[in-house]
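Novice: build the 3D model from these lines:
(one chain, ligands or ions: 1)
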Amino acid sequence: MPQAIKKAIFPVGGLGTRFLPATKSMPKEMLPIVDKPLIQYAVEEAAEAGVEEFIFVTGRGKSAIEDHFDHSTELEDTLAARGKDSALDVVRAMMREPGSVAYIRQQEPAGLGHAVWCARHLIGDQPVAVLLADDLILPQKGKPGCLAEMVTAWQETGGNMVAAMEVAPDQTSSYGIITPGKTKGILTEVNELVEKPQPKDAPSNLAVVGRYIIEPGVFTELAQQNRGAGGEIQLTDSLAKRIGQAPFHGALFSGERFDCGSKLGFLQANIQFALSRDDLASDFSTWLKAQTF
Ligand code: G1P
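Specialist: Prediction:
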């Protein structure tokens, strides 16, 4: 019987060149959707799925992320002194258990697989989740988050699992692409997986979205340090090598995914997340409807 998933890796070493100048001195993972940074949505999604240890694979210039998940005594004291109780609740509620957040540096930008491998000593011999904060997923009303859906499904299968969704056929070169097998419920067997194929070479338009559950065998493959698409060490390649040795499924999650690594996805996410909020939906939708586009 598969165990619970207690640890998650958050690769946050990327440069964020698509959001310059905003990301010149600020990590792209700190870009806010409404009033919360992308990385906090990912951490909260992981916590909701039962994750208790949060491992960030960071790089130079990312210290704002560490500060974000730490107490700011000065801020908290000031809010308390001014009686700003609800603001104080917000900053206190996001704190994790002392000692449950760790930071590892990826010393070179050698790819997603390399970033995940950098966390190996903190993982040990157990399955782990990986979340890419750029891929922001708004749960359907009343439904659990994407990773929680995956963890529930994974209890039946074990092995490796990725979040999966169909993308436009001309977009395959931006994603890991799945050769699907049998489908049962939200799960599709992954028979093959290839990183960023050109549309003419793509086996389908079923793409990997940035949520993974990986078993220890993937770390053994990552240790080979083989380079793949773009000359980088790809997580996709090590997952593909495990096919036949461990179960591998794509989870067709129920939420709506936004590519917040792109400007369009980032803008769409801000609108949909604002409309999903009780404190903003009414005024914001009234304003939106009054616009002439
Ligand atoms: C990464 C993965 C890719 C996956 C994508 C999801 O690519 O390598 O397989 O489909 O995330 O967002 P990146 O977007 O980092 O280039």
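
Novice: CA atoms for contacts and neighbours, from now on please.
Specialist: Will do.

Novice: return the residues in contact with the residue of the stretch 1-150 of the chain found nearest the ligand.
Specialist: Across the stretch 1-150 of the chain, no residue is closer to the ligand than Asp135, which sits at 5.8 Å (CA to the nearest ligand atom). Asp135 makes contact with Val209, Gly210, Arg257, Phe258, Asp259, Cys260, Gly261 under the criterion CA atoms under 8 Å, 6 or more residues apart in numbering.

Novice: next one: the nearest residue to it once chain neighbours are set aside from Ala133, what distance?
Specialist: Leaving aside its chain neighbours, Asp135 sits nearest to Asp259 (5.1 Å; criterion: CA to CA, 6 or more residues apart in numbering). Distance of Asp259 to Ala133, computed by CA to CA, to the nearest Å: 9 Å.

Novice: so between these two, which is more surrounded?
Specialist: Between Asp259 and Ala133, counted using other CA atoms under 10 Å, the more crowded position is Ala133 (25 against 19).

Novice: was I right about the more buried one contacting Glu29?
Specialist: Yes. Assessed by CA atoms under 8 Å, Ala133 is found in contact with Glu29 at 6.5 Å.

Novice: can you pull the residues that touch both of the two?
Specialist: Contacts common to Ala133 and Glu29, judged by CA under 8 Å, 6+ apart, are Val12, Leu38, Ile39.

Novice: just the ones of those residues in helices?
Specialist: Leu38, Ile39 (DSSP state H).

Novice: could the shared contacts of Ala133 and Glu29 go into a markdown table alongside neighbour count, pLDDT and distance to Asp201?
Specialist: Shown next, in a markdown table, are the shared contacts of Ala133 and Glu29 (neighbours: other CA atoms under 10 Å; pLDDT from 0 to 100; distance: CA to CA, whole Å):
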| residue | neighbour count | pLDDT | distance to Asp201 |
| --- | --- | --- | --- |
| Val12 | 25 | 97 | 30 |
| Leu38 | 22 | 98 | 33 |
| Ile39 | 26 | 98 | 33 |
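
Novice: between the shared contacts of Ala133 and Glu29, which is nearest Leu288?
Specialist: Closest to Leu288 out of those is Leu38 (23.4 Å), distances taken as CA to CA.

Novice: touching, that closest one and Leu136? I think so.
Specialist: Yes. Leu38 is within contact range of Leu136, at 7.2 Å (criterion: CA under 8 Å).

Novice: the stretch 1-150 of the chain: strands as residue ranges?
Specialist: Along the stretch 1-150 of the chain, the stretches classed as strands by DSSP state E, counting those that start in this stretch are 7-11, 32-33, 36-37, 53-58, 101-105, 128-131, 135-138.

Novice: how about CSV for those, with mean pLDDT added?
Specialist: Converted to CSV, the strands of the stretch 1-150 of the chain look like this (pLDDT from 0 to 100):
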stretch, mean pLDDT
strand 7-11, 98
strand 32-33, 98
strand 36-37, 98
strand 53-58, 98
strand 101-105, 96
strand 128-131, 98
strand 135-138, 98
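
Novice: most tightly surrounded among those strands?
Specialist: Counting by mean count of other CA atoms under 10 Å, strand 7-11 has the highest mean neighbour count of these, with a mean of 25.

Novice: which residues are contacting it?
Specialist: 46, 51-58, 112, 115-116, 119, 123, 127-133.

Novice: next: stretch 52-70.
Specialist: By CA under 8 Å, 6+ apart, stretch 52-70 touches 6-14, 25-27, 29-30, 43, 94-96, 100-107, 115-116, 118-119, 122.

Novice: give me that answer again for 6 Å
Specialist: With contacts defined as CA atoms under 6 Å, 6 or more residues apart in numbering, stretch 52-70 is touched by 6-13, 27, 100-106.

Novice: what's the most distant pair in those residues?
Specialist: Lys6 and Pro27 (25.8 Å).

Novice: among those two, which residue is more densely surrounded?
Specialist: Neighbours per residue, other CA under 10 Å: of Lys6 and Pro27, the larger number sits with Pro27, 24 against 18.

Novice: dump the residue contacts of that one.
Specialist: Here Pro27 is in contact with Lys62 (criterion: CA under 6 Å, 6+ apart).

Novice: roughly how far out does the helix or strand that Gly181 is a member of sit from the chain middle?
Specialist: Using DSSP states H and E, Gly181 falls within strand 176-184. Remark: strand 176-184 is offset 20 Å from the chain centroid, using CA atoms, centre = their mean, to the nearest Å.
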